[in-house]
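> Predicted coordinates and the sequence they were generated for:
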Amino acid sequence: MAKLTMVEAINLALRQEMEKDPRVLLLGEDVGRNGGVFRVTQGLLDTFGETRVMDTPLSESAIVGVAIGMAVYGLRPVAEIQFEGFVYAAMEQLADHAGRIRTRSRGRYHCPLVVRLPYGGGIRAPEHHSDSNEAYFVHTPGIKVVVPSTPYESKGLFVAALRDPDPVIFMEPKKIYRSLREEVPEEEYLIPLGESRIVLEGTDITLITWGAMLQPTLQAAMLMEKSGTSAEVLDLRTLSPLDTESMIESVKKTHRAVVVHEAPATCGVGAEIVARINEKALVHLEAPVERVTGFDTVMPLPKLEKYYLPSAERVVDAVNRVISF
Amino acid sequence: MAKLTMVEAINLALRQEMEKDPRVLLLGEDVGRNGGVFRVTQGLLDTFGETRVMDTPLSESAIVGVAIGMAVYGLRPVAEIQFEGFVYAAMEQLADHAGRIRTRSRGRYHCPLVVRLPYGGGIRAPEHHSDSNEAYFVHTPGIKVVVPSTPYESKGLFVAALRDPDPVIFMEPKKIYRSLREEVPEEEYLIPLGESRIVLEGTDITLITWGAMLQPTLQAAMLMEKSGTSAEVLDLRTLSPLDTESMIESVKKTHRAVVVHEAPATCGVGAEIVARINEKALVHLEAPVERVTGFDTVMPLPKLEKYYLPSAERVVDAVNRVISF
Amino acid sequence: MPKMVIETCSVEWLQILDEDGICDEELRPPLSNEEIKKLFESMVLARTFDEKAFKLQREGRLGTYASIYGQEAAQVGSAFALRPADWMFPAFREPGASFVRGLPIHMILQYWAGDERGSQIPEGLNDFPITIPVATQIPIAVGVALAAKVKGDPIAVMAYMGDGATSKGDFHEGLNFAGVFSAPVVFVCQNNQWAISVPLKRQTAAKTLAQKAFAYGFPGIRVDGNDVFAVYRAASEALNRAKAGKGPTLIECLTYRLGDHTTADDASRYRSREEVEQWKTKDPIRRLKKYMEKRNLWSEAYDQAVRSNAKEKVERAVRVEESLPPPDPRDIFGFTFEELTAELKEQMENFLKVDGKERSESKDVLYG
Amino acid sequence: MPKMVIETCSVEWLQILDEDGICDEELRPPLSNEEIKKLFESMVLARTFDEKAFKLQREGRLGTYASIYGQEAAQVGSAFALRPADWMFPAFREPGASFVRGLPIHMILQYWAGDERGSQIPEGLNDFPITIPVATQIPIAVGVALAAKVKGDPIAVMAYMGDGATSKGDFHEGLNFAGVFSAPVVFVCQNNQWAISVPLKRQTAAKTLAQKAFAYGFPGIRVDGNDVFAVYRAASEALNRAKAGKGPTLIECLTYRLGDHTTADDASRYRSREEVEQWKTKDPIRRLKKYMEKRNLWSEAYDQAVRSNAKEKVERAVRVEESLPPPDPRDIFGFTFEELTAELKEQMENFLKVDGKERSESKDVLYG
Ligand SMILES: Cc1ncc(C[n+]2csc(CCOP(=O)(O)OP(=O)(O)O)c2C)c(N)n1
Ligand SMILES: Cc1ncc(C[n+]2csc(CCOP(=O)(O)OP(=O)(O)O)c2C)c(N)n1
Ligand SMILES: [Mg+2]
Ligand SMILES: [Mg+2]
């Protein structure tokens, strides 16, 4: 089996789905000849031509709006927003149309749309190129949010997202776009949306995370193992809907939890996770659930970026506080 | 002292501030001759003229963007977005500029801007006219979020927001725009941002809320009183920054809490509140903190609206569960 | 070549039927007598509906409603040019167009009465529901047009918008996108000269809205929006262009909102009675009537029949709407996704249980 | 009046100095010899900087950098027309304009090296920092222009954007707003014909970008963006118009991005070498040089001096930038609001404490 990066795995998923299903098409800035600024769509224009791989004007709102129309008409558009920092302009289309058309038309129309959204920090990118804005979408009704954490995961989740009958924001962690390789099957497989996975079983504490933050979280788990603490690591995979059951089950076993994400703490998805643990497993908790997150500030430019992103050490610090509570 | 509605109280605040400070000006759709669709700006065009009360084109992004420029230049613009449902188009200006200009220019520029945002359900308004989208802004760095709950509060908070050196989203609860009257002094008074208030002192449970939801929450407290439960009711007033200290203090006293808000539960501000209570007062809790909120769905049209909004009864139900936990 | 003109554009005005019902027969579209009658009847139906909806609102039987009084020709004339397979995107002030398309009349009442089922467009009718957030339907309409083009379906899309909508980013992004990809779409802008209280001159410094098409590389035309022939002709030609692969067109229908913005508005606050009265003389129905009279297509008896027919249709729609069972509260949850998520299931179940019991009507009243 | 033209527009092209340095003296703006030399020197400085920045990036001494190679005249010619009291809004590819304005050279390096202090525009310089989200600076620039107008300050604002920016909603909303309120603002669009890999014809179906101004009711002009005289002349006239209360102008500078989009890009993937080579013949610096030579304003010695002067300035800036102390991590928190909120204070304090101790440099390296 080929060892692929996440970029290659998503590219493979796109290629295979486009071969299987003529309704699938791509649109976005630079997705065509250039193959996307991250090369996720590389080679697809040559194979599928200009009608199925559409370089668009620089218009994030229209990219999403046009894709909604295509989805309503029966196609399976995959819209790319070049960086998460440019998705704000499409919020109106996402909140007012993508997330609403099924319910407001009482099922007459629906919108099977994937918006690909490279996100997050850690690649020394310019300003506005490192936001983690998943919480906005998780808070928005009618939209699903998926965040893969490895190449294998990204292929299976992407295919599931693409075949989902509802709009999905597929957030791609730029930091691990090329930094990991993993065996990725050619054969079709789907990872169902809404189901998290246990990456590491453990007994003393539950570490809950997603996307690029799985790596420092796993490193933290390794470091902790040396000092005799056994961590259970949960990769959420899907942030909307959230797999509450698995989180609760794990916390009931370990009695302690830490959530790790890049986005600002306040009103981040971590808050929702803490709230759900509180609601469903309070009596099982032996310490407050801690959040290791970005700060309530703008993501700094590269020279200060390293201070912003959660690191294995920050996770270990939090775990120590929780364990010794 | 005159008994005013919230509409009249904010109108008074605007008029007095415009008289005092020539830098204050208003812009938005229909704020001029029409006095705003809710009449909040009524009469101001006649007094202050077209340069200070500007009817604008139908362009939410530009209304906010232009106001940012005016603020950067040294004016004190008050931008009105006609209904919260139309603010999504301005998200890019808010997140990328209003909330960032001070930090990205390391203090060279800042943006003393107020965006007035009538929000929320309960007035049988048409589609897209009843959202409660405070969580988006609370999650956005560099922006303050204020939500008054009575006429008196609205005047004092508005003046404080307008004199704040940073951008403030001032969310006006439409449901109580005209349904309450209260004595509102002509004289200047400021209610500092970031400080919540205890509306009702109590010992058995802390009810945390803001904006229009204060009313059903207070009704619930009355109902509970009859059955012998003493509720402490906290009106947060400012959602960003959050007055964590007061919440924690109250919970340490009552050991129980319920949060009430209109917005969808998932990733709403309620989640952040639960997370903070968890972080700082876990050992004091005798039951999970419950959230009484809107559902994770689009706000329904008027015929189903009543089911969506938290009511006194829903709050009482939650309190009963928490008390009997 | 130091200084020279490298590109020019001109905006045409089209009027076929003037305010006195005098028709330029050379320009008149080739419509049969039956079709001309249909246009008249559709406009009368639109106005009859409008008057009724206004009354219902005043009687507390309908929520906020946006009147189309004065804009009947712009709506009927344009929608009349569509084929059933074409798609239509209303803004929020186009019941006249929706009825021509075949939307059951009671559904518009249902929508403004606050019932989502009014947006549950019947299968087979290719119309989008009303869109409230101004201009946001435009990129979606362009998406449908491009999807049809991709699939090779020989249809076109018509998207409506107001003059206010032309100021919004989505108007620009949508029209520009359509131009670049030569999408089979016709943009019909009902320039009724007001966006609530904001007059056209506060909306743009451009002399016409039609000229905005030039920015996107396709034609724009301004037509007399109270002249149903001019509107129909421009719409037909634009739809033909679109279907022939020649790309989009912007049609500016110059008209006037004779009523308040909505039933929640009071236009006397911001505009003069004279302006309104002056525009009443341009009534689209009266001028078609005058023309038909000359052509012996109109008589008092015919008029009576048309009006009572329209009235009956509208009254029937009111009865239908008012006799519908209330929407099921479960629908708040059930259409968010194809399948209920765990969160929504739990929220719905909690909602349906009150004090541990199934929610009942009597308990319901406590909520809200 | 059934069918008639009611509005027309035409787009003019302006070129004063052609590719061979031949000048239309009638159109030439009245610049002194010193000023012409200043234009030349500014363009040489811009290019010298650009070459150096590119090298620094390749050596790993700078982050992503967006080259201005080929666009020197568009930037220098336009910024040269500004007065110090005027305001300037760059997009992200305007160091040539920023240097003319007086921005210390090292600040652009600092910005692209990933240090916010590069955006801390010195007091007294009325420039906005670089804006990365395309077109979003436009409404803000309009806001500054309107604020100045409200206050009666006799200034104007210049806002830069690329061809790609013309597709964004904020371009539209900003320009339309400026038209309605007759804001004293000049929009300078550097049409370098590419938005990363997307060519102009995918950006719009309009023949020129200048014509888009017509949609907003103010003039647009296309100038040879590689002709510093044409750019300067158009900019001066537009600024005069703005200051005379006559409202905005859109200037499309037709130019070409000779380099890659940024140092992270490889333009050979999507465009032909021939196209690039052909545009190299239109070099803005060379043509001014030829003109100056004829006017005896240029000599080998002068050229040498100009180039070594530019080089020295740039080298000095590199030394300044590279010798600056690293930014203080506390600055992540300290400028979010005027005062630290309780949340931010707590977050900062936790951040500064590591294992209960004050954060130290040695501990730092573990983070990230
Ligand atoms: C994005 C947005 N902003 C504001 C509103 C509130 N609003 C409803 S209709 C309207 C005016 C629309 O004017 P126009 O486009 O000319 O349509 P008309 O009402 O004249 O049909 C406004 C401001 C809205 N619905 N959507
Ligand atoms: C809103 C937004 N979308 C996407 C990007 C990514 N991006 C950066 S530059 C660029 C192309 C800009 O083209 P143009 O406006 O012509 O400016 P140029 O790069 O040619 O100077 C893109 C797509 C961005 N910065 N902002
Ligand atoms: Mg209008
Ligand atoms: Mg460009």
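Thanks, I have it. Numbers count the residues shown, from 1 in each chain, chains lettered A, B, ... in the order given. Ligands and ions are numbered 1, 2, ... in the order given.

> how about the residue in the stretch 1-150 of chain A that chain C sits nearest to, phi and psi?
Of the residues in the stretch 1-150 of chain A, the one nearest chain C is residue A:69, at a distance of 2.1 Å by Cβ to the nearest Cβ. Every C-beta, even on glycine, is put in place using the N, C-alpha and C of the backbone. Phi and psi for residue A:69, reported as degrees, to the nearest 10, are phi -60, psi -40.

> Tell me who's in contact with it.
C:139, C:140, C:141, C:142, C:143, C:144, C:145, C:146, C:147 (Cβ atoms under 8 Å, 6 or more residues apart in numbering or on different chains).

> So what's the residue count around the closest residue to ligand 4 within the stretch 1-150 of chain A?
Proximity of the stretch 1-150 of chain A to ligand 4 (Cβ to the ion) peaks at residue A:58, 9.1 Å away. By other Cβ atoms under 10 Å in any protein chain shown, 27 other residues sit near residue A:58.

> what kind of secondary structure is it in?
coil (DSSP: H, G, I helix; E, B strand; the rest coil).

> List the residues that contact it.
Taking Cβ under 8 Å, 6+ apart, one finds A:29, D:134, D:135, D:164, D:165, D:167, D:168, D:195, D:198, D:203 in contact with residue A:58.

> filter the residues you listed down to the ones close to chain C.
D:167, D:168, D:203 (Cβ under 8 Å from any Cβ of the partner chain).

> Can you tell me which of these is closest to residue D:83?
Distance to residue D:83, by Cβ to Cβ, is smallest for residue D:168 among these, at 28.8 Å.

> could you pull out the strands for chain A?
Here chain A has its strands, by DSSP state E, at A:3-4, A:24-28, A:53-55, A:76-80, A:114-119, A:144-146, A:168-173, A:182-183, A:197-200, A:205-209, A:231-235, A:238-240, A:257-264, A:290-294.

> Could you do chain C as well?
Taking DSSP E as the criterion, chain C carries its strands at C:3-14, C:87-89, C:157-162, C:185-191, C:194-195, C:198-199, C:220-224, C:249-254, C:353-354, C:357-358.

> Is any residue of the fifth one near chain B?
Same thing as strand C:194-195. Yes: Strand C:194-195 comes into contact with chain B (Cβ under 8 Å from any Cβ), by way of residue C:195.

> close to ligand 1, is that strand?
Yes: on the criterion Cβ under 6 Å from any ligand atom, strand C:194-195 is in touch with ligand 1 at C:194, C:195.

> List the contacts of residue 202.
Just so you know, I chose chain A. A:221, A:230, A:231, A:232, A:233, A:254.

> hmm, I had chain C in mind actually
B:55, B:56, B:57, D:180.

> Try it again at 7 Å.
B:55, B:57, D:180 (Cβ atoms under 7 Å, 6 or more residues apart in numbering or on different chains).

> How about residue A:162?
A:17, A:24, A:76, A:78, A:114.

> And for the residue in the stretch 51-200 of chain A that ligand 1 sits nearest to, the neighbour number?
Here the stretch 51-200 of chain A gets closest to ligand 1 at one residue, residue A:92, 7.6 Å apart by Cβ to the nearest ligand atom. When neighbours are counted by other Cβ under 10 Å, residue A:92 registers 29.

> and if you look at residue A:29?
For residue A:29, using other Cβ under 10 Å, the count is 28.

> try the one 3 residues further on
The number of residues packed around residue A:32, counting by other Cβ under 10 Å, is 24.

> what's the answer for residue C:152, then?
7.

> Contact partners for it?
Contacts of residue C:152 by Cβ under 7 Å, 6+ apart: none found.

> Which residue, other than its chain neighbours, is closest to residue A:65?
If the residues on either side of it in the chain are set aside, residue A:65 comes closest to residue C:139, at 2.6 Å by Cβ to Cβ, 6 or more residues apart in numbering or on different chains.

> The one you found touches residue C:173, doesn't it?
Yes: Residue C:139 lies in contact with residue C:173 (Cβ atoms under 7 Å); the separation is 6.0 Å.
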